[in-house]
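A.B. asks: here you go, sequence then predicted model.
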Amino acid sequence: MIDYDKLEKSLKHLELQFANHQRAQHRPELAELDREAIAESVIQRFETCYDSLWKDLKRHLVEVMGLPDVPNSPKPVLKLAGQNDLLPSPVEQWLHYANARTNTTHDYSGNKAAATLSIIGAFIEDAIALYRGLAGRTWE
């Protein structure tokens with residue numbers, strides 16, 4: 001049996017910090033440095049959640065679906081998941097998330113950070129739907 005607790009925890013933390021980031025944009029008392037720190041935290045939580053998600057998805061493909069020779073890399077795992085109707089949105093969207101994850105490595109500033117932050121809301125929705133499908137749990 002696959003333990004989805006790490007994914008659930010990382011996704012909840014991402015969801016909460018993203019909401020905090022959205023509120024921070026409308027708080028004039030916050031210094032720009034504070035807003036940047038919150039944005040960086042959102043991106044780091046996205047990275048953690050994304051990494052946990054694709055690894056649990058790989059386990060699901062191997063342990064639940066019995067697929068042999070599942071690659072140990074996010075994009076091939078996402079493509080296999082799409083081929084097996086596991087993803088709640090088109091595989092192209094998930095590959096977009098994968099590219100965002102790659103682009104943020106060690107660079108949380110400028111255009112890459114802004115591009116990643118712009119997809120976080122959609123990622124959270126998709127990740128929750130995928131989590132519910134894989135884990136068979138509700139989301140609160």
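C.D. replies: Perfect, thanks for sending it.

A.B. asks: does residue 9 belong to a helix, a strand or coil?
C.D. replies: Taken by DSSP: H, G, I helix; E, B strand; the rest coil, the conformation at residue 9 corresponds to helix.

A.B. asks: that one: how many residues sit nearby?
C.D. replies: When neighbours are defined as other Cβ atoms under 10 Å, residue 9 has 13 of them. Heads up, the C-betas are built off the backbone N, CA and C, glycines and all.

A.B. asks: also residue 58?
C.D. replies: By other Cβ under 10 Å, the residues close to residue 58 number 21.

A.B. asks: what pLDDT does the spatially closest residue to it that is not a sequence neighbour get?
C.D. replies: Spatial nearest neighbour of residue 58, excluding adjacent residues (Cβ to Cβ, 6 or more residues apart in numbering): residue 77 at 4.8 Å. On pLDDT, residue 77 comes in at 97.
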